[in-house]
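Peer 1: fold the following for me, if possible:
(chains A and B)
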Amino acid sequence: DAKTTQPPSMDCAEGRAANLPCNHSTISGNEYVYWYRQIHSQGPQYIIHGLKNNETNEMASLIITEDRKSSTLILPHATLRDTAVYYCIVRVFNQGGKLIFGQGTELSVKP
Amino acid sequence: NAGVTQTPKFRILKIGQSMTLQCAQDMNHNYMYWYRQDPGMGLKLIYYSVGAGITDKGEVPNGYNVSRSTTEDFPLRLELAAPSQTSVYFCASSEINSGANVLTFGAGSRLTVL
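Peer 2: Residues are numbered from 1 along each chain as shown, chains lettered A, B, ... in the order given. Presented below is the predicted three-dimensional model:
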């Protein structure tokens, strides 16, 4: 599985968009990008995933660059409850979810 | 649906004791996993199972055993507890095919070995 690189921490003002970057320059053609988040002491929560097209759901949007070497998770109107560690994971689709969690980005949403 | 249920939520063990962390899911998921998370660190995969009767090692399997006799249950056994096994343990499950990489996690079991 391709390795991912994320900034260790980010701040965001409440009500503003939070843009979380992820670098996956060694991603291969059949690997998807998955995002999870972990709110303090809780189990991780799935957010969104994509292959090459931009994706949106009720939680977030995922923007993947055309060369697929990086992506950005967008929380359009961050709230205090979005404060969490966000994990970007690359994995071949349907290959049994042996997800490898790195250090992630600790997002702090401030009032 | 309850999702993924883990018991106990908290446990303190003495060095050398044994215990089993229980995990049950009611979503009829084929895949189940055990992760551990040390303070300030990401999750590490201990063991996983692709179906009843089939288990395999993850990144950090030493000191643990698992079994999968039913689709619903995936217990994690610690035979000789050591301080290095102090951690938060998360069980997760996912369905096959399109949902294989969308994991549903339990609330976690916090284990302290003294």
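Peer 1: what's the nearest residue to A:Met10 if we skip its chain neighbours?
Peer 2: With sequence-adjacent residues excluded and distances taken as Cβ to Cβ, 6 or more residues apart in numbering or on different chains, A:Met10 is closest to A:Leu107, at 5.3 Å. To be clear about C-beta, it is placed using only N, CA and C from the backbone, and glycine gets the same treatment.
Peer 1: give the pairing partners of the strand or helix carrying the one you found; include direction for each.
Peer 2: Taking DSSP states H and E as the criterion, A:Leu107 maps to strand A:105-110. Its sheet considered, strand A:105-110 pairs with strand A:9-13 (parallel), strand A:84-92 (antiparallel) by DSSP bridges.
Peer 1: would a markdown table of these with distance to A:Tyr36 and mean pLDDT be doable?
Peer 2: A markdown table is the format used below for those (distance: least, Cβ to Cβ, whole Å; pLDDT from 0 to 100):
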| stretch | distance to A:Tyr36 | mean pLDDT |
| --- | --- | --- |
| strand A:9-13 | 16 | 97 |
| strand A:84-92 | 5 | 93 |
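Peer 1: would you point to the one among these that's packed deepest?
Peer 2: Among the strands paired with strand A:105-110, the stretch with the highest mean neighbour count (mean count of other Cβ atoms under 10 Å in any protein chain shown) is strand A:84-92, at a mean of 22.
Peer 1: from the middle of its chain, how far away would that one be?
Peer 2: Centroid separation for strand A:84-92 versus its chain: 5 Å, with Cα atoms, centre = their mean, to the nearest Å.
Peer 1: who's in contact with it?
Peer 2: The contact list for strand A:84-92 (Cβ atoms under 8 Å, 6 or more residues apart in numbering or on different chains) reads A:1-4, A:6, A:20, A:22, A:24, A:27, A:30-40, A:44, A:47, A:71, A:73, A:97-102, A:104-107, B:42, B:101.
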